[in-house]
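> sequence unavailable; structure follows:
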DNA sequence: ATTATAAAACTAATACCATTAGTTTTGGGA
DNA sequence: TCCCAAAACTAATGGTATTAGTTTTATAAT
């Protein structure tokens, strides 16, 4: 048994990510993607379970890429340095790959095992950093959920162009991270 | 001059909101909506500028409803009480009207004047509450952006079913709000 | 080298979607 | 009663996802 080799999933998903980054996640259709890959739309079904399957693969790719960025940013750093570095990496990712970041939250099935597994890896990176503050069990979960909310909320609003005023957005981000850290330290210690 | 009266925009937008809440924002199409209203799809163009126009109206409706909830929650309360009450109202809205809340962030044009105006009203409610802490000019913007990020991030993750662990979600929310408040008070005062 | 095979890519067809153009209906004001 | 403008309609177009069934083709075994 040994078939011919055609396109592989990685190539397909990367092409989809390029479309998403260039024209938004809604521009990722089997039509636009197949045109970019020089094949006919039905051929994609050999690699992906229709549009929902493609979206899942794209979300998975985005989550994994984001996790790599966050892990790299936190590596070798501790406490506030690690949190700030991780926050900057998160925001930078959302800016650098707006469509791919969008895909990590766009019509994804949080019940899906693969998605859950990849998401858990991000959660673990965040937990490891926050544990350095000596936050205990249940509070560690609260703090992790909090930081995740902050990062996603801010990045999501930035990505949608939601901060209109002239005030510097990066300063607002640092303000928020520092406020969170200040709160954590005055609360859990 | 006086034409016949048919459907009005409010009826249409509310029907769209019902579909969004029941089956998700992607289920809101001119087809499903026209079926629910017992008309043919092209008739909707008499009231709304196609699907993009419908989505704008839906987002606008959601933003206005949310603003009403937040203003009501903050009314007559001060400082931490006001912030906590507002936070709870925000999260409750996202849970009660998941599809409509989704619409407030789904393919909306932040450059649109109506959207910007409605959004500004929400921002003003938040600013008014935070000003009670005596935060000055630029920091007030940072703090407002921060609280908005927290509320949207948390609500958005909840709505997508992103918090998987057994730990109580409401407790996590209160933890986050309190952490933010603690941070603000130890930072700006 | 030849051939069998399994996957990849294809064509054809269906059903749904948004949208436009042009027609018919209809209800309130004169 | 009649007018007319808005509302709703029909018909048609081009895009979308998807399925079924066919053809192509690279590889692995002969």
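Sure thing, it's come through. Predicted, not measured: the structure shown is a model, and the values here were computed from it.
> the top helix by length along chain A packs against which elements?
The longest helix of chain A (DSSP state H) is helix A:50-74. If you count contacts as 3 or more C-beta pairs under 8 Å, 6 or more residues apart in numbering or on different chains; DSSP states H and E, helix A:50-74 packs onto helix A:9-23, helix A:30-36, helix A:79-96, helix A:98-103, helix A:113-131. No exception for glycine: its C-beta is placed from N, CA and C like everyone else's.
> in that helix, what counts as buried?
A:54-63, A:65-67, A:69-71, A:73-74 (16 or more other C-beta atoms under 10 Å in any protein chain shown).
> and that helix, does that touch DNA strand C?
No - judged by C-beta under 7 Å from any atom of the strand, helix A:50-74 makes no contact with DNA strand C; its nearest approach is 12.5 Å.
> pLDDT on that helix, on average?
Averaged across helix A:50-74, pLDDT comes to 98.
> quick check: angle from that helix to helix A:113-131?
For helix A:50-74 against helix A:113-131, the angle by axes from the mean of the first three to the mean of the last three C-alpha atoms, to 10 degrees is 20 degrees.
> so the nearest residue to residue A:110 once chain neighbours are set aside, which of the three states?
Closest residue in space to residue A:110, ignoring its immediate chain neighbours: residue B:161 at 4.2 Å, by C-beta to C-beta, 6 or more residues apart in numbering or on different chains. Secondary structure for residue B:161, judged by DSSP: H, G, I helix; E, B strand; the rest coil, is coil.
> next up, phi/psi of residue B:161, please.
Per-residue torsions, residue B:161: phi 70, psi 30 (degrees, to the nearest 10).
> now do it against residue B:19, distance only.
When distance is defined by C-beta to C-beta, to the nearest Å, residue B:161 is 20 Å away from residue B:19.
> these two: who's more crowded?
Applying other C-beta atoms under 10 Å in any protein chain shown to residue B:161 and residue B:19 shows that residue B:19 carries more neighbours, namely 20 against 11.
> correct me if wrong: residue A:7 contacts residue A:39.
Yes - counting by C-beta atoms under 8 Å, residue A:39 is a contact partner of residue A:7 at 7.1 Å.
> does residue A:71 really touch residue A:125, like I thought?
Yes - between residue A:71 and residue A:125 there is a contact under C-beta under 8 Å: 5.2 Å.
> OK, contacts around residue A:50?
Counting by C-beta atoms under 8 Å, 6 or more residues apart in numbering or on different chains, residue A:50 makes contact with residue A:30.
> can you list the residues of chain A near DNA strand C?
Close to DNA strand C, as judged by C-beta under 7 Å from any atom of the strand, chain A has residues A:1-7, A:34, A:38-40, A:42-43, A:45-47.
> give me the buried entries from those residues.
Here, 16+ other C-beta under 10 Å leaves A:34, A:39, A:47 buried among the residues of chain A next to DNA strand C.
> just the residues you listed now: which is nearest chain B?
residue A:34 (21.3 Å; C-beta to the nearest C-beta).
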